[in-house]
Each structure stands twice: as C-alpha cells, then as structure tokens.
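*Asks:* Task: produce atomic coordinates for the following.
(chains A, B, C and D)
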There are 2 protein chains.
Amino acid sequence: MPPYDPSAFPPFAVTVDLVVLTVRHHALCALAIRRGEPPYQGRWALPGGFVRVDEDLGDAAARELAEETGLRAQNGAHLEQLATYGDPHRDPRMRVVSVAHLVLAPDLPAPRAGGDARSARWAPVTELLHDGAALAFDHARILADGVERARSKIEYSSLATAFCPPEFTVGELRRVYEAVWGVALDPRNFHRKVTGTPGFLVPTGGTTTRQGGRPAQLFRAGGAALLNPPMLRPEV
Amino acid sequence: MPPYDPSAFPPFAVTVDLVVLTVRHHALCALAIRRGEPPYQGRWALPGGFVRVDEDLGDAAARELAEETGLRAQNGAHLEQLATYGDPHRDPRMRVVSVAHLVLAPDLPAPRAGGDARSARWAPVTELLHDGAALAFDHARILADGVERARSKIEYSSLATAFCPPEFTVGELRRVYEAVWGVALDPRNFHRKVTGTPGFLVPTGGTTTRQGGRPAQLFRAGGAALLNPPMLRPEV
DNA sequence: TCAAAAGTGTTAAATGTACACCCATGG
DNA sequence: CCATGGGTGTACATTTAACACTTTTGA
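*Replies:* Numbering: from 1, shown residues only, chains lettered A, B, ... in the order given. All right, here's what the predicted structure looks like:
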C-alpha cells in the first residue's frame, strides 16, 4: 500500500445501510423508511446512517438498528455484514461508500422512526422490489442482495430461527422457510428433518395450541450454527 | 440518512485489499507483498491500495490486481468482493476502511511487484496464517476469511475451475479440490460426479498425458455458475 | 362430531461410498 | 513389462420424497 497522499485521494463518506427482514402474515418483509428530504424526497429507502469516527462497522450497524427500530442485536435478532456498495455516483451529493448489513428479526417489533410511525413500515419485499416501488439510491439492489443472502443462508445454517420468537413450534419454523423461499414444504418430512438435525432445535418441554389443532411441542434454537445435513430447497 | 455534516463525521480513507489464491505444488497459496516502509516495515502483507475518486470498488480491485500481478480479471481469474474491515485502529496512521476482494487464479503467473520479484511471493496459506508469520495490519484475519470463502464456495459453485488453466483434466480439477480442502478424494467417484453434474464441464475433444499415465480427456469450464448437486466435502 | 394442525410409519427412488477391475500411455 | 494415472461397473448403505395413517386439541 503506497503512502497516503490526501491530495491524490480525496476522502470518502462511509455509511451503513440495513436490510432488516422479518416474516409477517406468511410474507417476507423488509423495513423501509420514507425519506423526508432530497435527494429522493418522499421515496422509500433502507434505514442507515453515517459511521462515527471511533466506531467499528458492526457497531455502527447495531446502533442504527437500535435507533430506528428499538431492536437490540443481542435479543434474538441476527446481524451480519452483507456487502459494500461504492459506485462513484450512487449518491448525487458526494462520494459515499456504504457497508450494507443484514438483520433477521422476529415479527414482534412495531417500527418506529424517530417516533413517527407513518415514515417507517414493514413492506413485503416483493412489493419493494417491484418496478413501481423505485427505492432510493441503489437500495433495490442492496435489498435484493440481502434477500438472496437470507434465502441461501437458511439452507445450510440455523439462521431461520432468528425469524422466530424465543420459543416456537416446528410448524412456525416451517412457515418461515415457506415465506422466505416462497414454496410449500411437506409438514411431515420437514418435522422429521429439523428434529433429526443435531443441534438445530432443543425441546423446552412446553407445548402450545396457538396455531390451532393438536398441541405442538415448543423448541428453542440449539447451539449449532451450521446444519448438517442442510435443509434442501426444492428446485426451481 | 441524516444530512451530511463534515464536522460531525470526519472523512475516511477507503482502500481495497486483495486475497489472491492459487494452487501450486498441491498447496493452496496466497500472494504476499513485503512492506518497504512503516508501519509494519519488512512484514508481509496482502496487496492493495487506495480507491480513486471516480472509481468503483470492483474496478479498483481489478486495477490493483493488474498492477501487482499482471493478471486480468477477464482472463480466467475470478474476482469477487469478500468483506469490509473498518476497525478504528486497524491502521495506526489514520482511519482506513478496507474493502477486501477475493481472487482465484490459475498457477501460471509469476508474481511481480513493481518489477521487484524479491518483494512479492506466493506462499502457502498455512505458512502465512502460522503464528510466527504475523502479517501486517489485520491481514491474517482477512486472509483467513478469504480462504474460508474459497473453501465453502467451491462446494456449491463451479469456481474451482478458476484455479485451472483454460483446458484441464478431471484429475487436475480433483487436485484443486484436494489442495483447497486439504483432504484426499476418491478419484473414481470424483470423476463420475463432476462429469455428471450438468453444465460444470464441457469436453474439448482433446487429450493430454501431461500428468503421466493413460491420456486424459481435456475439459473447459461449462456455463453453470451453481452446481446441482453440490460437491460434498468429506466431513471433518 | 368435525376441521385443523401435529406427529409416526412405510415404501420406492435417488444418491453417496467403497472398492474391484480394466485401459492406455511412457519409460 | 510395469508403474502411473484415467475411467467404468457394481453392490451396499444412506438419504429423499411421497403419502397413508393416527393423535390431540378447539369450535
């Protein structure tokens, strides 16, 4: 790396953007914020903000997440770095490099953006990625990358449990997979598969009938991060 | 995203670092550059440099790759973004955010760094990640992340062919998998598997005896990016 | 009593694994 | 001739996929 010559390499602004995903009403949804000022005033965008001088990237993402949603990354939600976007013209005001992060959260929280519920909402990703939605900046691309990451990662990791409350049933977990992948899964084979994968689920002993029908066992996420064997996504 | 207030958010330097991997002598190797100046003078580091004002991140990575190795990303080599590292103290001089990229290249090229071969070399990753090696900055962590990405990605994508010359044999491809994963694979089952995976390999019609023994068919990489079924890495 | 969701059993097909065996070359 | 790597056949174990069937609740 050559010595730093500020005149040859003007500085950049560095931001974090968040793809916050959850499953609501059997649909994969993302958190969107309505922009109150130019550019892209009035358009929907991903939550995000500037990284502070003394702050690591992951810390900045966690801080923005707490500020915009009240969610704590500790508390069930999963936070990981997604990718970095640095097209010279992605922001018309200046040169901004944005480190996008992916958050997977349970359905519980109601969005709040500075206390103004009208300017933040959960929207189905199909809607946000539709041609007419026209998210601000390159946020459609970032959202699409985040959704793709989530779709592939629940296949070989235990991350699908991050979409569930602390205690959940096999059926609830199955509906997460169905919503994220957009397919129907055989409930009987799914049950055998997840309960047979070591470290994925641990029974809490309790049961619930909140989904109707016969009482279902309650589970919480086991320690395993990687699933072996993986969940198989039905082919396209 | 709030308005940009430069006094509140001092600027960052943005760099790209490169994890350039190849397979030489049955070992997974990475390109290392010896630092000629402080900090970490005399220590080995990953190649990299500052992103220019009007340059996208991928373009900066491709440019650095060409400058430091003569490799063109077009020509067989594979280039993808890896991850971004932004710890406030990762560079003692100033706040630097580095967007690491991963390059997979065939064995052919001899390293050259500004024409000085003594200051650039291919080193086995086991050696570079050994405690005594002490790569500069956080480059050991970046290299480890790149190796892990390569190990998992050749499992479900056709990327292993990026380590091979334009035409290669099944045995040569197998030795790539063995070097990257550090395991021995059954040559017979491997042959059936790769030739049976649609879109992975297309025969060129030629044969070669460069590995000795019976002449082997030559193949080139097929169009498929994702392997279905995936190659299975033998369990640990 | 019925609908709904949970959970178990069973079977056929597909896939993975181990290894015996033959093939075609260079030395 | 023989060592070396290339390639095919085959048998067995494991996994997947489809679906019949039983269980336990609330309405």
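*Asks:* What's the local residue count around residue A:27?
*Replies:* By other C-beta atoms under 10 Å in any protein chain shown, the residues close to residue A:27 number 16. For the C-beta atoms, the positions are set from N, CA and C on the backbone; glycine is no exception.
*Asks:* The closest residue to it other than its chain neighbours and residue A:173, how far apart?
*Replies:* The spatially closest residue to residue A:27, leaving aside those adjacent along the chain, is residue A:124, at 4.6 Å (C-beta to C-beta, 6 or more residues apart in numbering or on different chains). The gap separating residue A:124 from residue A:173 is 20 Å, by C-beta to C-beta, to the nearest Å.
*Asks:* Then residue A:33?
*Replies:* Counting by C-beta to C-beta, the gap from residue A:33 to residue A:173 is 29 Å.
*Asks:* Can you get me a residue count around the residue in chain A that chain B sits nearest to?
*Replies:* Nearest residue of chain A to chain B (C-beta to the nearest C-beta) works out as residue A:11 at 2.9 Å. By the criterion of other C-beta under 10 Å, residue A:11 has 17 neighbours.
*Asks:* and if you look at residue A:196?
*Replies:* With other C-beta under 10 Å as criterion, residue A:196 counts 10.
*Asks:* so what pLDDT did it get?
*Replies:* Residue A:196 is assigned a predicted lDDT (pLDDT) of 96.
*Asks:* just residue A:112 next, same as before
*Replies:* Residue A:112 is given a pLDDT of 63.
*Asks:* swap in residue A:5?
*Replies:* At residue A:5, the pLDDT value in this model is 52.
*Asks:* who in chain A is up against DNA strand C?
*Replies:* A:169-172, A:174, A:187-189, A:191-192, A:195, A:207, A:211-217 (C-beta under 7 Å from any atom of the strand).
*Asks:* now for the helix or strand encompassing residue A:98, which elements pack on it?
*Replies:* Here residue A:98, judged by DSSP states H and E, is contained in strand A:96-104. In terms of contacts (3 or more C-beta pairs under 8 Å, 6 or more residues apart in numbering or on different chains; DSSP states H and E), strand A:96-104 is packed against strand A:13-24, helix A:57-69, strand A:78-85, helix A:139-156, strand B:96-104.
*Asks:* Strand A:96-104 and the shortest one, what's the angle between them?
*Replies:* Angle between the axes of strand A:78-85 and strand A:96-104 is 150 degrees (criterion: axes from the mean of the first three to the mean of the last three C-alpha atoms, to 10 degrees).
*Asks:* same thing with the first one?
*Replies:* Between the axes of strand A:13-24 and strand A:96-104, defined by the same axes, to 10 degrees, the angle is 20 degrees.
*Asks:* I'd like the average pLDDT over strand A:13-24.
*Replies:* 97.
*Asks:* Which SSE is immediately downstream of it?
*Replies:* Counting by DSSP H and E, the next helix or strand C-terminal to strand A:13-24 is strand A:27-34.
*Asks:* Show me how far that following strand is from its chain's centre.
*Replies:* Averaging C-alpha positions (C-alpha atoms, centre = their mean, to the nearest Å) puts strand A:27-34 9 Å from its chain's average.
*Asks:* ditto for stretch A:30-40
*Replies:* The chain centroid and the centroid of stretch A:30-40 are separated by 18 Å, computed with C-alpha atoms, centre = their mean.
*Asks:* Which of the residues in that stretch are classified as buried?
*Replies:* By neighbour count on 16 or more other C-beta atoms under 10 Å in any protein chain shown, the buried set for stretch A:30-40 is A:30-35, A:40.
*Asks:* Repeat that for stretch A:75-83.
*Replies:* Across stretch A:75-83, burial judged by 16+ other C-beta under 10 Å covers A:76-79, A:81-83.
*Asks:* hang on, the earlier thing: and residue A:124 and residue A:173? which has more neighbours close in?
*Replies:* Taking other C-beta under 10 Å, residue A:124 and residue A:173 do not tie; residue A:173 has more neighbours (22 against 16).
*Asks:* Would it be right to say that the more buried one lies in a strand?
*Replies:* No: Residue A:173 is assigned helix when assessed by DSSP: H, G, I helix; E, B strand; the rest coil, not a strand.
*Asks:* my read: it touches residue A:167, true?
*Replies:* No: at 11.2 Å, residue A:173 does not count as touching residue A:167 under the criterion of C-beta atoms under 8 Å.
*Asks:* shared neighbours of those two, anything?
*Replies:* Residues touching both residue A:173 and residue A:167 by C-beta atoms under 8 Å, 6 or more residues apart in numbering or on different chains: residue A:219.
*Asks:* residues near residue A:190, how many?
*Replies:* Around residue A:190 sit 17 other residues, with neighbours defined as other C-beta under 10 Å.
*Asks:* Apologies, that question was intended for residue A:141.
*Replies:* 16.
*Asks:* Now it. Nearest residue, chain neighbours left out?
*Replies:* Nearest one to residue A:141, counting by C-beta to C-beta, 6+ apart, is residue A:85 at 7.4 Å.
*Asks:* Next up, the contacts around that neighbour.
*Replies:* Applying C-beta under 8 Å, 6+ apart, one finds that residue A:85 lies in contact with A:17, A:97-98, A:100, A:138, A:141-142, B:57.
*Asks:* From the residues of chain A next to DNA strand C, list the buried ones, please.
*Replies:* When the residues of chain A next to DNA strand C are checked for burial by 16+ other C-beta under 10 Å, the buried set is A:169-170, A:172, A:174, A:191, A:216.
*Asks:* Tabulate those (CSV), appending pLDDT.
*Replies:* CSV is the format used below for these (pLDDT from 0 to 100):
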residue, pLDDT
A:169, 98
A:170, 98
A:172, 98
A:174, 98
A:191, 98
A:216, 98
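*Asks:* so residue A:79 bridges to which residues?
*Replies:* Counting by DSSP bridges, residue A:79 is bridged to residue A:103.
*Asks:* now do the one 5 residues further on
*Replies:* According to DSSP bridges, the partner residues bridging residue A:84 are residue A:99.
*Asks:* Give me the number of neighbouring residues for residue A:184.
*Replies:* When neighbours are counted by other C-beta under 10 Å, residue A:184 registers 10.
*Asks:* Please, which helix or strand holds it?
*Replies:* Counting by DSSP H and E, residue A:184 is part of no helix or strand.
*Asks:* Least reliable of the helices and strands packed on strand A:96-104 by average pLDDT, please.
*Replies:* Looking at the helices and strands packed on strand A:96-104, the lowest mean pLDDT belongs to helix A:57-69 (a mean of 93).
*Asks:* Can you give me the buried ones in that one?
*Replies:* A:57-65, A:68-69.
*Asks:* any idea which of the residues you listed is closest to DNA strand C?
*Replies:* Lowest distance from DNA strand C to the buried residues of helix A:57-69 (C-beta to the nearest atom of the strand) belongs to residue A:69, with 28.1 Å.
*Asks:* From residue A:138, how far out is that closest one?
*Replies:* Separation of residue A:69 from residue A:138 (C-beta to C-beta) stands at 22 Å.
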